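J.: With the input below, show me the fold.
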Amino acid sequence: MRIAVIGGGGHVGLPLSIALAQASDQLQVVVQDINPTAVTLVNQGKVPFLERGAEEVLRQVIGKNLTATTDRKVLSEADVLVVVIGTPVDEYLNPTYRVFENFLDDTRPFFRDGQTLILRSTVYPGTSAKILEYLKRHKIKTHVAYCPERIAEGMAMEELHSLPQIVSGFDEQAVATAKKVFGYLTGEIVELAPAEAEMAKLFTNSWRYIQFATANQYYMLAQAAGLDFYRIHNAITYKYPRAQGFPKAGFAAGPCLFKDTMMLSSFSGNQYFLGHAAMLVNEGLPQFVVERIKQHRDLKGQTVGILGMAFKGESDDIRASLSYKLKKLLNFEASEVLCTDEFVKGPDILPLQEVLDRSDVLILAAPHRAYRELRTKKPVVDVWNILPPSSQSSLMR
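T.: Presented below is the predicted three-dimensional model:
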């Protein structure tokens with residue numbers, strides 16, 4: 001079977017491509033991506049981003065049954081086209097279908113009858129049906145399936161094999177092909193109708209966003225009352241089974257959770273009140289942190305250091321990271337804002353020790369493991385509660 005993963009140089013497509021190539025030498029997998037830098041790196045056996053365990057496997061399969069290219073002509077040679085293009089939201093927080101129209105207009109000449117098109121990323125409900133209609137309108141007899149990914153970034157090489165795979169399709173051939181493809185990775189397949197699968201993906205991410213918002217709301221309530229949220233959290237969750245799903249507080253960000261929640265909001269006619277409330281809480285946490293610090297310390301003339309610019313711990317992904325929102329807020333309040341990160345690179349990212357030395361106040365924004373052993377006498381705001389007690393700050397209480 002020949003599989004082309006379109007947009008395969010990114011966080012979703014590349015781990016999938018590597019895992020499929022590793023699963024069977026009977027599969028010929030090609031990563032097709034418009035990013036020439038990513039393609040070059042993949043062909044050199046390098047993963048362009050942090051993904052635990054992926055590069056080691058990539059070096060085993062690249063040049064054998066896995067290749068990467070920017071050339072769209074490879075699409076016509078494939079039996080299966082896996083499309084890793086999601087639905088973005090615009091500046092008004094409404095979904096934008098145009099990205100799919102542009103993609104289909106550009107790639108349509110390379111499609112052929114009998115192929116199976118598998119949509120992999122998050123889409124607005126009804127998108128897969130619109131794509132099928134587009135193909136029929138242009139008299140292309142391609143089977144269409146929707147098989148959403150549910151992988152935690154950084155854990156793809158494990159979870160592609162350990163998690164059940166949801167599959168859906170508009171005809172028996174589409175479903176059968178999708179089951180065969182993902183059957184190489186997992187023995188558990190859950191079949192839904194396409195509309196159900198689209199909604200399942202949105203529900204999954206929005207549910208996590210709401211869970212994080214709940215913890216963040218409780219965190220703000222406790223801290224505003226001068227109480228230690230994590231003492232309360234530990235008491236609630238200690239040997240109490242009905243509270244084991246209660247997450248810790250922290251910046252809930254990244255390229256999916258907020259966006260997918262807003263897509264559900266749009267789908268509901270802006271009546272998704274839980275989603276709206278979660279957005280207000282999660283997006284408001286950086287402002288809460290800044291305002292609480294200001295109640296205890298005048299930031300004028302102060303230098304504030306932000307520890308961690310990625311949107312999550314042990315990641316180099318800055319997409320939709322609330323660390324940058326925090327930085328913008330602090331730019332209005334402090335004399336200088338310094339940024340450091342264990343994995344993110346860039347002209348504005350300074351070494352950790354320099355930030356520690358130059359800062360008057362520190363905010364731990366991304367819970368990288370390296371920060372767990374941080375020792376400093378300077379006040380540190382640690383929303384995530386990963387620092388040792390000796391480094392905890394009273395600025396938030």
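
J.: which residues of the stretch 51-200 of the chain fall in helices?
T.: 54-61, 98-107, 127-137, 156-162, 172-183, 194-224 (DSSP state H, counting those that start in this stretch).

J.: what are the phi and psi values for the nearest residue to Ala310 once chain neighbours are set aside?
T.: Excluding the flanking residues, the one nearest Ala310 by Cβ to Cβ, 6 or more residues apart in numbering is Ala366, at 4.9 Å. Where C-beta positions appear, they are placed from N, C-alpha and C, glycine not excepted. The phi and psi values for Ala366, taken as degrees, to the nearest 10, are phi -130, psi 130.

J.: again, but for Leu227
T.: According to degrees, to the nearest 10, Leu227 has phi -110, psi 160.

J.: residue contacts, the closest residue to Gly10 other than its chain neighbours?
T.: Nearest in space to Gly10, with sequence neighbours left out and distances taken as Cβ to Cβ, 6+ apart, is Val84 at 6.4 Å. The contact partners of Val84, taken as Cβ atoms under 8 Å, 6 or more residues apart in numbering, are Val5, Ile6, Gly7, Gly8, Gly10, Val12, Gly13, Leu16, Arg120, Ser121.

J.: could I get these as JSON lines with neighbour count, distance to Ser168 and pLDDT?
T.: Listed next are those as JSON lines, based on neighbours: other Cβ atoms under 10 Å; distance: Cβ to Cβ, whole Å; pLDDT from 0 to 100:
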{"residue": "Val5", "neighbour count": "29", "distance to Ser168": "19", "pLDDT": "98"}
{"residue": "Ile6", "neighbour count": "25", "distance to Ser168": "19", "pLDDT": "98"}
{"residue": "Gly7", "neighbour count": "22", "distance to Ser168": "20", "pLDDT": "96"}
{"residue": "Gly8", "neighbour count": "29", "distance to Ser168": "21", "pLDDT": "96"}
{"residue": "Gly10", "neighbour count": "19", "distance to Ser168": "22", "pLDDT": "96"}
{"residue": "Val12", "neighbour count": "23", "distance to Ser168": "17", "pLDDT": "96"}
{"residue": "Gly13", "neighbour count": "24", "distance to Ser168": "19", "pLDDT": "98"}
{"residue": "Leu16", "neighbour count": "24", "distance to Ser168": "17", "pLDDT": "98"}
{"residue": "Arg120", "neighbour count": "23", "distance to Ser168": "12", "pLDDT": "97"}
{"residue": "Ser121", "neighbour count": "20", "distance to Ser168": "14", "pLDDT": "93"}
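
J.: Just send the helices of the stretch 51-200 of the chain back as JSON lines, with distance to Arg242, mean neighbour count and mean pLDDT too.
T.: Shown next, in JSON lines, are these (distance: least, Cβ to Cβ, whole Å; neighbours: other Cβ atoms under 10 Å; pLDDT from 0 to 100):
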{"stretch": "helix 54-61", "distance to Arg242": "37", "mean neighbour count": "18", "mean pLDDT": "98"}
{"stretch": "helix 98-107", "distance to Arg242": "42", "mean neighbour count": "14", "mean pLDDT": "94"}
{"stretch": "helix 127-137", "distance to Arg242": "37", "mean neighbour count": "17", "mean pLDDT": "97"}
{"stretch": "helix 156-162", "distance to Arg242": "25", "mean neighbour count": "17", "mean pLDDT": "97"}
{"stretch": "helix 172-183", "distance to Arg242": "34", "mean neighbour count": "18", "mean pLDDT": "98"}
{"stretch": "helix 194-224", "distance to Arg242": "14", "mean neighbour count": "19", "mean pLDDT": "98"}
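
J.: Tell me which of these sits nearest to Asp260.
T.: helix 194-224 (4.0 Å; Cβ to Cβ).

J.: Give me the angle between that closest one and helix 172-183.
T.: With axes from the mean of the first three to the mean of the last three Cα atoms, to 10 degrees applied, the angle from helix 194-224 to helix 172-183 works out at 50 degrees.

J.: tell me what helix 194-224 is packed against?
T.: helix 127-137, strand 143-146, strand 165-167, helix 229-237, helix 257-267, helix 273-296 (3 or more Cβ pairs under 8 Å, 6 or more residues apart in numbering; DSSP states H and E).

J.: Turn those into a markdown table, including distance to Thr376.
T.: Converted to a markdown table, the helices and strands packed on helix 194-224 look like this (distance: least, Cβ to Cβ, whole Å):
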| stretch | distance to Thr376 |
| --- | --- |
| helix 127-137 | 48 |
| strand 143-146 | 49 |
| strand 165-167 | 45 |
| helix 229-237 | 19 |
| helix 257-267 | 31 |
| helix 273-296 | 16 |
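
J.: Deepest-packed of those, please.
T.: strand 143-146 (a mean of 28; mean count of other Cβ atoms under 10 Å).

J.: before we move on, the earlier item: residues in contact with the residue nearest to Ala310?
T.: The neighbours of Ala366, taking Cβ under 8 Å, 6+ apart as the test, are Phe251, Leu307, Gly308, Met309, Ala310, Phe311, Lys312, Gly313, Ser315, Ser321, Ser323, Asp341.

J.: and with 10 Å instead?
T.: 250-251, 253, 306-315, 318, 321-323, 340-344, 384 (Cβ atoms under 10 Å, 6 or more residues apart in numbering).

J.: picking that back up, ok, which of the helices of the stretch 51-200 of the chain comes nearest Glu77?
T.: helix 98-107 (13.4 Å).

J.: hmm, who's touching that closest one?
T.: Contact with helix 98-107 is made by 6-7, 32, 34, 72, 75-76, 81, 83, 85-88, 90, 111, 117, 119, 123-124, 127-128, 130-131, 134-135, 138, 140, as judged by Cβ under 10 Å, 6+ apart.
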